[in-house]
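A.B. asks: Test case, fold it:
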Amino acid sequence: MKLSWQLLQDLEQKHGGCFYLLDLSKFKDNYCQFLGSFRSIYQNTNIGYSYKTNYIPRICQSVYELGGYAEVVSQMEYDLAIKIGVPPARIIFNGPLKYPRDLERAVIAGSTVNLDSLQEVQIICELAQKLPAQQISVGLRCNFDIGTDLISRFGLDVENGDLDYIFEKFKELGNCHVKGLHCHFTTAQRSLESYALRAKKIIETTDKYFPDRPPEFIDVGGGYFGHMDEDLRQQFDFYIPTYQEYAEVIATQFKQRFTGDLQPELIIEPGVALVANVMKFVGKVVALKTIRSRHLALVTGSIHTVKPSKQLPLTVYKNESNHAHIESNTPIDLVGYTCMEHDCLYPAYPVPVSVGDYTVFDNVGAYSVVFKPPFIWPSPPIVSYDSTTNIYTLARRQETTQDVFATYEI
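C.D. replies: Next up is the predicted model:
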């Protein structure tokens with residue numbers, strides 16, 4: 001995606017003063033590289049793409065076209081997967097809150113549902129009793145110690161007897177069985193050691209509950225780091241693993257443990273690792289001011305549109321015809337349109353900017369779109385770039401006032 005001030009101005013005239021840029025080709029490259037790293041070691045690996053990270057339909061459709069699963073955590077996301085043509089059998093339904101009707105619908109349709117609590121187990125047991133001729137298959141989300149201070153609130157404790165109870169209960173019912181085990185943990189460093197430990201422990205749990213033959217699948221969840229520019233990488237005070245390194249600590253254990261024809265499907269659930277670097281946010285500088293010693297540039301965006309957990313990589317495309325910038329060596333704060341004092345997209349930018357310049361923030365593909373609230377301004381449009389045709393098309397139109405207030409009674 002080769003950008004210039006003129007191209008950005010052309011896109012602004014078509015789509016408005018701020019917008020996201022989506023590079024689907026980069027997403028597909030990330031997907032194939034990530035999956036290829038694992039398959040180079042353990043062939044029977046597949047990706048369940050985390051819809052919650054970024055559920056732009058074009059991204060989700062690409063996942064299905066590439067052979068992946070839709071990994072969803074709500075009925076809203078489940079409905080999206082169905083709407084774009086994903087067969088129920090290619091949907092993995094996770095998450096802590098599944099209403100009985102939604103859980104039952106997904107199970108009967110043939111989706112993989114990973115139960116998160118004994119309450120969900122009870123719903124399945126009641127369904128099995130109501131439909132004695134129906135064979136019901138589910139997965140179980142497992143919770144075990146991976147050596148962190150935080151005790152995760154998700155899943156079933158593998159040490160307190162919950163899994164023993166479930167397997168016994170399903171055996172009594174006769175038409176229920178566990179077809180796989182799942183785990184997912186969030187750690188700050190996303191370290192190789194934590195993934196090696198979760199793989200080790202879920203394999204041990206599998207050995208205990210499937211002593212004769214492995215289950216259909218073992219799902220080790222997501223949370224992986226993805227590709228990032230060097231200036232962003234340097235902001236972390238710990239090591240950022242590569243795709244291949246994650247594969248080596250996880251897939252190698254599966255290769256060593258499961259041989260021959262009895263190889264369960266290894267499922268991985270990346271979100272950030274695939275989508276973080278496939279989107280940019282474009283905002284235009286519309287005003288400059290100096291208040292005492294502070295220099296500010298107002299941008300047509302906000303912290304809500306970029307979700308800056310770190311100082312994101314930024315490129316400014318200069319309006320060469322406008323030389324009206326603040327003449328100072330003092331850094332300038334790029335601030336947003338909200339009425340909140342903390343709305344600063346980039347503090348202390350070291351280079352002068354002018355009205356009419358375009359600021360382009362990288363690595364905004366993860367969670368920015370799904371977390372953007374309709375606070376003060378509706379959500380900006382998303383423009384998709386096709387590297388084959390070099391054509392930009394609309395992936396989501398600008399949200400309107402009518403969209404925001406459509407559900408309210410006025």
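A.B. asks: residues of the longest strand along the chain that come out buried?
C.D. replies: Ordering each strand of the chain by length in residues (DSSP state E) puts strand 279-291 first. Judged by neighbour count using 16 or more other C-beta atoms under 10 Å, the buried positions of strand 279-291 are Met279, Lys280, Phe281, Val282, Gly283, Lys284, Val285, Leu288. Yep, even glycine has a C-beta here, placed from its N, CA and C like the rest.
A.B. asks: Mind putting those residues into JSON lines with distance to Phe34 and pLDDT?
C.D. replies: Converted to JSON lines, these look like this (distance: C-beta to C-beta, whole Å; pLDDT from 0 to 100):
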{"residue": "Met279", "distance to Phe34": "17", "pLDDT": "97"}
{"residue": "Lys280", "distance to Phe34": "21", "pLDDT": "97"}
{"residue": "Phe281", "distance to Phe34": "24", "pLDDT": "97"}
{"residue": "Val282", "distance to Phe34": "27", "pLDDT": "98"}
{"residue": "Gly283", "distance to Phe34": "30", "pLDDT": "97"}
{"residue": "Lys284", "distance to Phe34": "34", "pLDDT": "97"}
{"residue": "Val285", "distance to Phe34": "36", "pLDDT": "96"}
{"residue": "Leu288", "distance to Phe34": "42", "pLDDT": "94"}
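A.B. asks: Look up how far Ile166 lies from the residue nearest the centre of the chain.
C.D. replies: The centre of the chain sits closest to Thr53, judged by C-alpha atoms, centre = their mean, with a distance of 2.4 Å. As for Thr53, its distance to Ile166 is 29 Å (criterion: C-beta to C-beta, to the nearest Å).
A.B. asks: Ala406: neighbour count?
C.D. replies: Using other C-beta atoms under 10 Å, Ala406 is surrounded by 9 other residues.
A.B. asks: same thing with the one 3 residues further on?
C.D. replies: Other residues near Glu409 number 4, with proximity taken as other C-beta under 10 Å.
A.B. asks: In contact with Pro264: list those residues for me.
C.D. replies: Pro264 makes contacts with Asn44, Gly180, Thr206, Pro214, Pro215, Glu216, Phe217, Ile218, Phe254, Phe258, as judged by C-beta atoms under 8 Å, 6 or more residues apart in numbering.
A.B. asks: Can I get those residues in TSV including distance to Lys83 and secondary structure?
C.D. replies: Formatted as TSV, those follow (distance: C-beta to C-beta, whole Å; DSSP: H, G, I helix; E, B strand; the rest coil):
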residue	distance to Lys83	secondary structure
Asn44	29	coil
Gly180	26	strand
Thr206	34	helix
Pro214	34	coil
Pro215	30	coil
Glu216	27	coil
Phe217	25	strand
Ile218	29	strand
Phe254	34	helix
Phe258	36	coil
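A.B. asks: could you dump the helix or strand harbouring Gln122 to PDB, C-alpha only?
C.D. replies: For Gln122, the host element (DSSP states H and E) is helix 118-130. Only the C-alpha atoms of helix 118-130 are listed here, as PDB (Å, rounded to 0.1, in the frame of the first residue of the first chain):
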ATOM      1  CA  LEU A 118     -21.100 -26.300  35.200                       C
ATOM      2  CA  GLN A 119     -24.200 -24.200  34.500                       C
ATOM      3  CA  GLU A 120     -23.600 -24.700  30.800                       C
ATOM      4  CA  VAL A 121     -23.000 -28.400  31.400                       C
ATOM      5  CA  GLN A 122     -26.400 -28.500  33.100                       C
ATOM      6  CA  ILE A 123     -28.000 -26.900  30.000                       C
ATOM      7  CA  ILE A 124     -26.500 -29.600  27.800                       C
ATOM      8  CA  CYS A 125     -27.600 -32.400  30.100                       C
ATOM      9  CA  GLU A 126     -31.200 -31.000  30.000                       C
ATOM     10  CA  LEU A 127     -31.000 -30.800  26.200                       C
ATOM     11  CA  ALA A 128     -29.700 -34.400  26.000                       C
ATOM     12  CA  GLN A 129     -32.600 -35.600  28.200                       C
ATOM     13  CA  LYS A 130     -35.100 -33.600  26.100                       C
END
